[in-house]
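1. Got a predicted structure plus its sequence, pasted below:
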Amino acid sequence: MFFEYELERHRQTLSKDFNDEEISAITTQATIDLKNRNIAGVFIVPVAYLLGGFATDYTSQHTILYYFLGAILLISMLFRGAAIISLSKNIQHETHIWIPVFFWSNLFVAVVWGCFAASAILFYHDSLSITLIIILLAGISGGSMASYCIWKLLSYSYLLIILLPSIMAEFYIGNSVTIPIGVAISFFLIFHLVQAKLWNKQFWVSIINTFMIKKNALELSKLNTKLTDEIADHKKTAQKIAISRKKLEDIYNSAHDGIFIFALDGMVIDINETILKMFSITRAEALRFDINHCFKSRMNSDINLPEIWQNALNGKDQEFNWLTRTGDRESITTVQVNLRKSLWGDDYIIIATVRDITLQVEAMEATIAANRAKSEFLANMSHELRTPMHGILGYARLGIKRSDTISREKLNEYFMIIRESGVRLMRMLNNVLDFSKLEVGMMRYTMNRNDLLPRIYQIITEFTPNADEKNLRFSVQCTADNVLTYCDHEKISQVLRNLLFNAVKFSNENTEIVIRCQETRDNEGKKWQKLSVSNVGVMIPEDELAVIFEKFIQSSATDTGAGSTGLGLAISRQIVLDHNGKIWAENGPGKRTTFSLLLPIADTLINP
């Protein structure tokens, strides 16, 4: 409470408002300053008293009074020192009990010095040593200005108690020497009282301003920390926004549909990558378009584009088909255009999506064709599996039923039919299994240099019984005594079997199947072995020569609806491609169809 009055007085002067916590902080700082300013006085005052006593005859002539005043001074200084120590240790706990102790101990110090100085003047006013007493008195009183200006009441009390007795003693003596000295000390007192008031105000204004600066600095530091955190959060948010924007841009540019974004005046603001690919234009070219240039066409004269655009501006979604040319296509493409008005930021725009429905139609047709091929494959498989199974089961049943009565020749015939049906069934199952392996990349190859000529003759022998039924002849025409290739012997044999099987199956009766072998070189000088199988029979339409190698696909000229799995040529093509080779079909004169394949002679193959 000793400082609250000082603080309140100067707070009102500065128009500052403080809460209890802030008042406590300011008074604590004032107490610290008060303690720090009075530490030196603990040592200076006793030394000055001893110096004043020994500089005069006070100690020898007035011993009892000197020691009495010295005892009071010592006790006061002890209490003063204890108060300073306590304030140093417990300043944060606001131990107010030591502040009055400090106040009264300093007043007793002033009383002792006032009495000592006044009595010395009375006893030794005609001695030169009194000058030292006055100097010490002025020094101690002046020093109190710096020590006690924090506490105006203490400052005033100390000055009055320490100087008034000396002034009174000077005027009491009343000679021509003491009166001027009394007047001088009186002016000295008045000056110090005025100065104490000014220093007191300056101290509290300074301490309040210092507190406010520290407070503002602390708040600024907190704001700076908060701002730093907000900036960091902003950066994280901006980074997330950038990532989200990048994702949206990727989705926007990878969309299957082309996208135009128009301003309401009809000018293009932005386009996605699909538009550029769809119309084979650059971004700079596209951004120069407007609604009239984008969709103005003589092929679409029946479409009222201004009306459609006006409806879109009025917020009505628009959809229409447009004939145009897209990409590198020479044919006309139909695209579906949708216009929608939308809010983009603070502005409205028109979003136009362009979808190539010709591609959708083609894709749908391809899907339908694939589904049809799969359905035919399942029908053919069902028929092909059922036929040999009927043969196996039927002749096995007959053999069991007639085993006791039938001749050995007839029984052998049954077994031959059962065996042929089993071989046929096994061939179909092997085709399915091989195709499954090829599709999942599980087919393994054992690559070596091989001479295929002996294997060609062996395969011809296998098909001779079937060929004899149609009176077909085989002719092998090779330019060398061997047919060297770098291949998997068994897999290429499977390809040759598939080609010869088709040749026998679709050849006209009484015709010749020709197998040709010759070495050739490509434009880079690489050596290849060319094998071809040609037959005279039902020709494959020209537009189907490439697609017959697709899975489940059969030529429309040879497709009976049942009779083949449609996998033989697909398997053959994949095996040849895995050998880094090539296979194709072509028609020749005289209804002759030729299947050819190229196989490498050098070690240029895939790893097995």
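-> Nice, I can see it.

2. Tell me where the longest strand sits in this structure.
-> In the chain, taking DSSP state E as the definition, the longest strand is strand 333-344.

3. list the helices and strands it packs on?
-> Applying 3 or more C-beta pairs under 8 Å, 6 or more residues apart in numbering; DSSP states H and E, one finds that strand 333-344 contacts helix 305-313, strand 318-324, strand 347-356, helix 357-402. Quick note: C-beta positions are derived from backbone N, CA and C, even for glycine.

4. Flag every buried residue along that strand.
-> For strand 333-344, burial by neighbour count (16 or more other C-beta atoms under 10 Å) applies to 333-337, 339, 341.

5. again with stretch 194-206
-> Of the residues in stretch 194-206, 196, 199-201, 203-204 count as buried by neighbour count, 16+ other C-beta under 10 Å.

6. Please work out the average pLDDT along that stretch.
-> Averaging pLDDT along stretch 194-206 gives 71.

7. Now the longest strand of the chain: average pLDDT?
-> Confidence over strand 333-344 (mean pLDDT, whole number) is 86.

8. mind starting the numbering at 276 from now?
-> All set: I'll call the first residue 276, so the last point we hit is now strand 608-619.

9. Where does pLDDT dip in the stretch 776-883 of the chain?
-> 826-841, 877-883 (pLDDT under 70).

10. Show me where it has its helices.
-> 843-853 (DSSP state H, counting those that start in this stretch).

11. cool, and the stretch 326-475 of the chain?
-> Counting by DSSP H, counting those that start in this stretch, the helices of the stretch 326-475 of the chain are 333-336, 338-365, 373-399, 405-423, 427-448, 453-529.

12. Out of those helices, flag the one nearest residue 844.
-> Closest to residue 844 of those is helix 453-529 (C-beta to C-beta; 36.3 Å).

13. The closest one packs against which elements?
-> Contact here means 3+ C-beta pairs under 8 Å, 6+ apart; on that basis helix 453-529 packs against helix 279-289, helix 295-313, helix 405-423, helix 427-448, helix 548-554.

14. Confidence-wise, which of the ones you listed is weakest overall?
-> helix 279-289 (a mean of 54).

15. does residue 607 really touch residue 601, like I thought?
-> No: using C-beta atoms under 8 Å as the test, residue 607 is too far from residue 601 to be in contact (9.3 Å).

16. how about the nearest residue to residue 681, chain neighbours excluded?
-> The shortest distance from residue 681 to any non-neighbouring residue, by C-beta to C-beta, 6 or more residues apart in numbering, is to residue 674 (7.5 Å).

17. what's residue 754 in contact with, if anything?
-> Going by C-beta atoms under 8 Å, 6 or more residues apart in numbering, residue 754 touches 792-794.

18. Redo those as CSV? Include neighbour count.
-> Shown next, in CSV, are the contacts of residue 754 (neighbours: other C-beta atoms under 10 Å):
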residue, neighbour count
792, 20
793, 14
794, 15
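
19. Which ones among these map onto strands?
-> Filtering those for strands - DSSP E - leaves 792-794.

20. how many other residues sit next to the residue found closest to residue 337 once you drop the neighbours it is linked to in the chain?
-> Spatially, and ignoring its direct neighbours in sequence, residue 337 is nearest to residue 398 (6.8 Å; C-beta to C-beta, 6+ apart). For residue 398, the count of nearby residues is 18 (other C-beta atoms under 10 Å).

21. Would you enumerate the residues in contact with residue 398?
-> 331, 333, 336-337 are the contacts of residue 398 under C-beta under 8 Å, 6+ apart.

22. What of residue 543?
-> Taking C-beta under 8 Å, 6+ apart as the test, what residue 543 contacts is 535-537, 561-565, 569.

23. Apply 6 Å and report the result again.
-> Listed by C-beta atoms under 6 Å, 6 or more residues apart in numbering, the contact set of residue 543 reads 535, 562, 564.

24. neighbour-wise, which of those residues leads?
-> Neighbour tally across these (other C-beta under 10 Å): the maximum, 23 neighbours, falls on residue 535.

25. That one should be in a helix, yeah?
-> No: applying DSSP: H, G, I helix; E, B strand; the rest coil, one finds residue 535 to be strand, outside a helix.

26. Tell me how far the residue nearest to it when sequence neighbours are not counted lies from residue 565.
-> Spatially, and ignoring its direct neighbours in sequence, residue 535 is nearest to residue 627 (4.0 Å; C-beta to C-beta, 6+ apart). Residue 627 sits at a distance of 12 Å from residue 565 (criterion: C-beta to C-beta, to the nearest Å).

27. So those two - more neighbours on which side?
-> When residue 627 and residue 565 are compared for neighbours, residue 627 comes out ahead with 24 against 14, by other C-beta under 10 Å.

28. so the more buried one bridges to which residues?
-> residue 535, residue 614 (DSSP bridges).

29. Give me the pLDDT value at it.
-> 87.

30. So it is in contact with residue 614, correct?
-> Yes: counting by C-beta atoms under 6 Å, residue 614 is a contact partner of residue 627 at 5.3 Å.

31. what about residue 876, neighbour count?
-> When counting by other C-beta under 10 Å, one arrives at 19 neighbours for residue 876.

32. quick one: contacts for residue 759?
-> 726, 876.

33. For residue 591, what are phi and psi?
-> The phi/psi pair for residue 591 (degrees, to the nearest 10) reads phi -100, psi 120.

34. distance of the spatially most central residue of the chain from residue 511?
-> Closest to where the C-alpha atoms of the chain average out (C-alpha atoms, centre = their mean) is residue 518, at 5.9 Å. From residue 518 over to residue 511 the distance is 11 Å, taken as C-beta to C-beta.

35. For residue 337, give its distance to residue 331.
-> 9 Å.

36. Counting neighbours, go ahead and name the busier of these two.
-> Legend: neighbour count by other C-beta under 10 Å for residue 337 and residue 331, higher for residue 331 (20 against 17).

37. Report pLDDT for the more buried one.
-> The per-residue pLDDT reported for residue 331 equals 72.

38. And for residue 771?
-> The model's pLDDT for residue 771 equals 91.

39. repeat for residue 502
-> Residue 502 is given a pLDDT of 84.

40. and it, how many neighbours does it have?
-> Per other C-beta under 10 Å, the neighbour tally for residue 502 reads 12.

41. what does the one 5 residues further on give?
-> Applying the criterion other C-beta under 10 Å, we find 10 residues in the vicinity of residue 507.

42. And for residue 729?
-> Neighbour tally, residue 729, other C-beta under 10 Å: 11.

43. Could you do residue 732 as well?
-> 12.

44. sec struct for it, please.
-> helix.

45. my guess is residue 547 meets residue 535, correct?
-> No: using C-beta under 6 Å, residue 547 is not in contact with residue 535; the gap is 8.6 Å.

46. intersection of neighbour lists for the two?
-> Counting by C-beta under 6 Å, 6+ apart, nothing touches both residue 547 and residue 535.

47. ok, back up a step: residue 607 and residue 601 - which one has more neighbours?
-> Shown here are residue 607 and residue 601; by other C-beta under 10 Å, residue 601 has more neighbours (19 against 11).

48. residues in contact with the closest residue to the more buried one other than its chain neighbours?
-> Leaving aside its sequence neighbours, residue 601 sits nearest to residue 608 (C-beta to C-beta, 6+ apart; 4.5 Å). Neighbouring residues of residue 608 by C-beta under 6 Å, 6+ apart: 599, 601, 631, 633.
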